[in-house]
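Asker: Provide a 3D model corresponding to the input given below.
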Amino acid sequence: MVYYFKARPECGDYVIYMGLDKHENEDLIKYGLPEDIWFHVDKLSSAHVYLRMHKGQTMEMISPELLEDCAQLVKANSIQGNKLNNLDVVYTPWYNLRKTQSMDVGQVGFHNSKLVRTVKVETRKNEIVNRLNKTKTEQTPDLKAEREAYNAAERNERKAHIKEKKRREEIERLEKEKQAELRSYTRLMVQEKMTSNKDIAAKGKSLAELEEDFM
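Answerer: From the prediction side, this is the model:
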(Lines give C-alpha, C1' and ligand atoms only; values in the text may rest on other atoms or scores of the structure.)
Protein backbone atom coordinates (compact mmCIF):
# COMPACT_ATOMS: atom_id res chain seq x y z
CA MET A 1 0.00 0.00 0.00
CA VAL A 2 1.26 3.46 -0.90
CA TYR A 3 -0.25 6.72 0.33
CA TYR A 4 -0.35 9.64 -2.10
CA PHE A 5 -0.79 13.32 -1.22
CA LYS A 6 -1.06 16.50 -3.26
CA ALA A 7 1.09 19.49 -2.39
CA ARG A 8 -0.52 22.92 -2.01
CA PRO A 9 -1.84 24.08 -5.42
CA GLU A 10 0.24 27.26 -5.53
CA CYS A 11 3.38 25.08 -5.59
CA GLY A 12 2.29 23.40 -8.81
CA ASP A 13 1.17 19.87 -9.61
CA TYR A 14 3.38 17.84 -7.28
CA VAL A 15 2.74 14.43 -5.73
CA ILE A 16 4.10 13.41 -2.33
CA TYR A 17 3.96 9.76 -1.35
CA MET A 18 5.04 7.30 1.34
CA GLY A 19 4.85 3.61 2.09
CA LEU A 20 2.49 1.91 4.52
CA ASP A 21 5.33 0.42 6.59
CA LYS A 22 9.04 -0.37 6.55
CA HIS A 23 8.52 -3.36 4.28
CA GLU A 24 6.72 -1.20 1.73
CA ASN A 25 9.60 1.24 2.04
CA GLU A 26 11.97 -1.42 0.76
CA ASP A 27 10.14 -1.45 -2.58
CA LEU A 28 10.07 2.36 -2.69
CA ILE A 29 13.82 2.41 -2.15
CA LYS A 30 14.33 -0.23 -4.84
CA TYR A 31 12.00 1.12 -7.51
CA GLY A 32 12.17 4.88 -7.06
CA LEU A 33 12.64 7.25 -9.98
CA PRO A 34 15.51 9.70 -10.62
CA GLU A 35 13.06 12.60 -10.12
CA ASP A 36 12.20 11.46 -6.57
CA ILE A 37 13.46 13.30 -3.48
CA TRP A 38 13.54 11.26 -0.26
CA PHE A 39 12.65 12.79 3.16
CA HIS A 40 13.13 11.40 6.67
CA VAL A 41 13.34 12.73 10.22
CA ASP A 42 17.01 12.89 11.14
CA LYS A 43 18.20 10.33 13.70
CA LEU A 44 14.65 9.22 14.54
CA SER A 45 12.22 6.67 13.19
CA SER A 46 9.78 8.09 10.67
CA ALA A 47 7.98 7.37 7.44
CA HIS A 48 9.98 7.50 4.23
CA VAL A 49 8.38 10.35 2.32
CA TYR A 50 9.08 11.02 -1.35
CA LEU A 51 8.47 14.08 -3.47
CA ARG A 52 8.20 13.41 -7.19
CA MET A 53 9.76 16.33 -9.00
CA HIS A 54 8.99 17.14 -12.61
CA LYS A 55 11.34 15.73 -15.19
CA GLY A 56 14.49 17.79 -15.52
CA GLN A 57 14.08 19.46 -12.12
CA THR A 58 16.66 19.14 -9.35
CA MET A 59 16.54 19.18 -5.57
CA GLU A 60 17.67 22.82 -5.57
CA MET A 61 14.46 23.77 -7.38
CA ILE A 62 12.16 22.79 -4.48
CA SER A 63 10.32 25.90 -3.34
CA PRO A 64 10.22 26.79 0.39
CA GLU A 65 6.46 26.09 0.46
CA LEU A 66 6.84 22.68 -1.15
CA LEU A 67 9.70 21.86 1.19
CA GLU A 68 7.54 22.79 4.17
CA ASP A 69 4.74 20.47 3.02
CA CYS A 70 7.15 17.53 2.79
CA ALA A 71 8.87 18.28 6.09
CA GLN A 72 5.58 18.65 7.96
CA LEU A 73 4.30 15.36 6.53
CA VAL A 74 7.46 13.55 7.62
CA LYS A 75 7.25 15.00 11.13
CA ALA A 76 3.58 14.09 11.45
CA ASN A 77 4.39 10.50 10.50
CA SER A 78 7.12 10.01 13.08
CA ILE A 79 5.99 8.63 16.45
CA GLN A 80 8.79 10.39 18.30
CA GLY A 81 9.28 13.31 15.97
CA ASN A 82 5.63 14.31 15.99
CA LYS A 83 5.93 15.16 19.68
CA LEU A 84 9.17 17.13 19.43
CA ASN A 85 9.93 20.69 18.45
CA ASN A 86 12.99 21.97 16.59
CA LEU A 87 13.86 18.71 14.89
CA ASP A 88 15.75 18.20 11.65
CA VAL A 89 14.42 16.58 8.50
CA VAL A 90 16.97 15.34 6.00
CA TYR A 91 16.35 14.98 2.30
CA THR A 92 18.31 13.80 -0.72
CA PRO A 93 17.73 12.54 -4.27
CA TRP A 94 16.46 8.97 -4.44
CA TYR A 95 19.50 7.87 -6.45
CA ASN A 96 21.73 8.91 -3.54
CA LEU A 97 20.19 6.28 -1.26
CA ARG A 98 22.50 3.37 -0.50
CA LYS A 99 21.18 -0.02 0.55
CA THR A 100 23.36 -2.96 1.61
CA GLN A 101 22.45 -6.51 2.63
CA SER A 102 23.64 -5.91 6.18
CA MET A 103 21.12 -3.10 6.75
CA ASP A 104 17.82 -3.68 8.55
CA VAL A 105 14.52 -3.49 6.69
CA GLY A 106 13.79 0.15 5.85
CA GLN A 107 17.29 1.30 6.76
CA VAL A 108 19.33 3.26 4.21
CA GLY A 109 22.60 5.12 3.91
CA PHE A 110 23.93 7.62 1.38
CA HIS A 111 26.39 7.33 -1.48
CA ASN A 112 27.41 10.98 -1.18
CA SER A 113 26.85 12.95 2.03
CA LYS A 114 27.31 16.20 0.09
CA LEU A 115 23.97 15.56 -1.60
CA VAL A 116 22.10 15.46 1.71
CA ARG A 117 20.24 18.59 2.83
CA THR A 118 18.66 19.44 6.19
CA VAL A 119 15.64 21.56 7.01
CA LYS A 120 14.65 22.63 10.53
CA VAL A 121 11.05 22.00 11.58
CA GLU A 122 10.22 24.07 14.63
CA THR A 123 6.69 22.88 15.37
CA ARG A 124 3.92 20.81 13.84
CA LYS A 125 1.57 22.95 11.74
CA ASN A 126 -1.81 21.27 11.88
CA GLU A 127 -3.25 23.38 9.06
CA ILE A 128 -0.62 21.97 6.68
CA VAL A 129 -0.91 18.37 7.89
CA ASN A 130 -4.72 18.46 7.80
CA ARG A 131 -4.74 19.94 4.30
CA LEU A 132 -2.39 17.22 3.06
CA ASN A 133 -4.42 14.47 4.74
CA LYS A 134 -7.56 15.66 2.93
CA THR A 135 -5.84 14.85 -0.38
CA LYS A 136 -4.66 11.43 0.78
CA THR A 137 -5.40 8.43 -1.41
CA GLU A 138 -4.43 4.78 -0.97
CA GLN A 139 -3.19 2.72 -3.91
CA THR A 140 -1.45 -0.58 -4.49
CA PRO A 141 0.79 0.17 -7.46
CA ASP A 142 3.05 -2.29 -9.23
CA LEU A 143 6.23 -0.34 -8.47
CA LYS A 144 8.43 -2.72 -10.44
CA ALA A 145 6.24 -2.40 -13.54
CA GLU A 146 6.18 1.38 -13.18
CA ARG A 147 9.96 1.47 -13.04
CA GLU A 148 10.28 -0.83 -16.05
CA ALA A 149 7.88 1.37 -18.01
CA TYR A 150 9.91 4.42 -17.03
CA ASN A 151 13.14 2.75 -18.17
CA ALA A 152 11.55 1.75 -21.49
CA ALA A 153 10.37 5.31 -22.10
CA GLU A 154 13.85 6.61 -21.31
CA ARG A 155 15.42 4.17 -23.78
CA ASN A 156 12.96 5.17 -26.49
CA GLU A 157 13.64 8.84 -25.83
CA ARG A 158 17.39 8.30 -26.09
CA LYS A 159 16.95 6.37 -29.35
CA ALA A 160 14.78 9.15 -30.76
CA HIS A 161 17.36 11.73 -29.69
CA ILE A 162 20.20 9.79 -31.34
CA LYS A 163 18.14 9.35 -34.52
CA GLU A 164 17.32 13.05 -34.67
CA LYS A 165 20.98 13.95 -34.04
CA LYS A 166 22.10 11.72 -36.92
CA ARG A 167 19.45 13.24 -39.18
CA ARG A 168 20.63 16.76 -38.42
CA GLU A 169 24.25 15.75 -38.92
CA GLU A 170 23.39 14.25 -42.32
CA ILE A 171 21.54 17.43 -43.35
CA GLU A 172 24.53 19.50 -42.23
CA ARG A 173 26.92 17.25 -44.16
CA LEU A 174 24.87 17.51 -47.35
CA GLU A 175 24.63 21.28 -46.97
CA LYS A 176 28.38 21.56 -46.56
CA GLU A 177 28.91 19.43 -49.69
CA LYS A 178 26.46 21.64 -51.58
CA GLN A 179 28.21 24.82 -50.49
CA ALA A 180 31.62 23.35 -51.38
CA GLU A 181 30.33 22.40 -54.84
CA LEU A 182 28.93 25.90 -55.36
CA ARG A 183 32.23 27.48 -54.36
CA SER A 184 34.10 25.17 -56.73
CA TYR A 185 31.72 26.00 -59.59
CA THR A 186 32.04 29.72 -58.88
CA ARG A 187 35.82 29.50 -59.14
CA LEU A 188 35.55 27.75 -62.52
CA MET A 189 33.26 30.47 -63.79
CA VAL A 190 35.58 33.38 -62.90
CA GLN A 191 35.62 35.86 -65.78
CA GLU A 192 39.41 35.82 -66.03
CA LYS A 193 39.43 32.09 -66.75
CA MET A 194 36.69 32.19 -69.41
CA THR A 195 37.21 32.47 -73.19
CA SER A 196 34.71 34.53 -75.16
CA ASN A 197 34.02 34.58 -78.93
CA LYS A 198 35.75 37.96 -79.02
CA ASP A 199 38.92 36.39 -77.57
CA ILE A 200 38.79 33.66 -80.21
CA ALA A 201 38.47 36.18 -83.03
CA ALA A 202 41.35 38.20 -81.67
CA LYS A 203 43.61 35.17 -81.92
CA GLY A 204 42.82 34.90 -85.62
CA LYS A 205 41.32 31.43 -85.44
CA SER A 206 37.79 30.44 -86.14
CA LEU A 207 35.77 28.28 -83.80
CA ALA A 208 35.97 25.46 -86.29
CA GLU A 209 39.75 25.75 -86.38
CA LEU A 210 39.96 25.63 -82.61
CA GLU A 211 37.78 22.57 -82.53
CA GLU A 212 40.06 20.95 -85.14
CA ASP A 213 43.10 21.79 -83.05
CA PHE A 214 41.47 20.24 -80.08
CA MET A 215 40.70 17.05 -81.95
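Asker: which residues are contacting stretch 91-111?
Answerer: Residues outside stretch 91-111 that contact it (C-beta atoms under 8 Å, 6 or more residues apart in numbering): 22-23, 25-26, 29-30, 32-40, 48, 50-51, 59, 67, 70, 112, 115-119. Yep, even glycine has a C-beta here, placed from its N, CA and C like the rest.
Asker: wait, stretch 123-141
Answerer: Contacts to stretch 123-141, defined as C-beta under 8 Å, 6+ apart, come from residues 1-8, 16, 68-69, 72-73, 75-76, 82, 85.
Asker: now it: buried residues?
Answerer: 124-125, 128-129, 131-132 (16 or more other C-beta atoms under 10 Å).
Asker: again, but for stretch 18-33
Answerer: For stretch 18-33, a neighbour-count test (16+ other C-beta under 10 Å) marks 18-19, 24-29, 31-33 as buried.
Asker: sitting in strands, which of those residues do you find?
Answerer: Judged by DSSP state E, the subset of the buried residues of stretch 18-33 located in strands is 18-19.
Asker: mind putting the buried residues of stretch 18-33 into TSV with pLDDT and distance to Arg158?
Answerer: Shown next, in TSV, are those (pLDDT from 0 to 100; distance: C-beta to C-beta, whole Å):
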residue	pLDDT	distance to Arg158
Met18	95	31
Gly19	90	30
Glu24	83	31
Asn25	87	30
Glu26	89	29
Asp27	90	26
Leu28	92	25
Ile29	91	25
Tyr31	93	20
Gly32	93	20
Leu33	94	16
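Asker: so where do the helices sit in this protein?
Answerer: 22-30, 64-76, 126-134, 143-188, 197-202, 207-214 (DSSP state H).
Asker: domains for the protein, by residue range?
Answerer: 2-141, 142-215 (automatic domain parsing).
Asker: now do the contacts for the spatially most central residue of the chain.
Answerer: With distances taken as C-alpha atoms, centre = their mean, Gly56 lies nearest the centre of the chain, 3.3 Å away. Under the criterion of C-beta under 8 Å, 6+ apart, the contact list for Gly56 is empty.
Asker: not counting sequence-adjacent ones, nearest residue to Ser46?
Answerer: Ser78 (3.4 Å; C-beta to C-beta, 6 or more residues apart in numbering).
Asker: burial check on the one you found, number of neighbours?
Answerer: A count of neighbours around Ser78, defined by other C-beta atoms under 10 Å, yields 20.
Asker: quick revisit: which one of the buried residues of stretch 18-33 is nearest to Ser184?
Answerer: Using C-beta to C-beta, Leu33 is the member of those that lies nearest Ser184, at 53.7 Å.
Asker: just the pLDDT at the residue nearest to that closest one when sequence neighbours are not counted, thanks.
Answerer: With C-beta to C-beta, 6+ apart as the criterion, Leu33 has its nearest non-adjacent residue at 5.8 Å, and that residue is Tyr150. Turning to Tyr150, the model gives it a pLDDT of 88.
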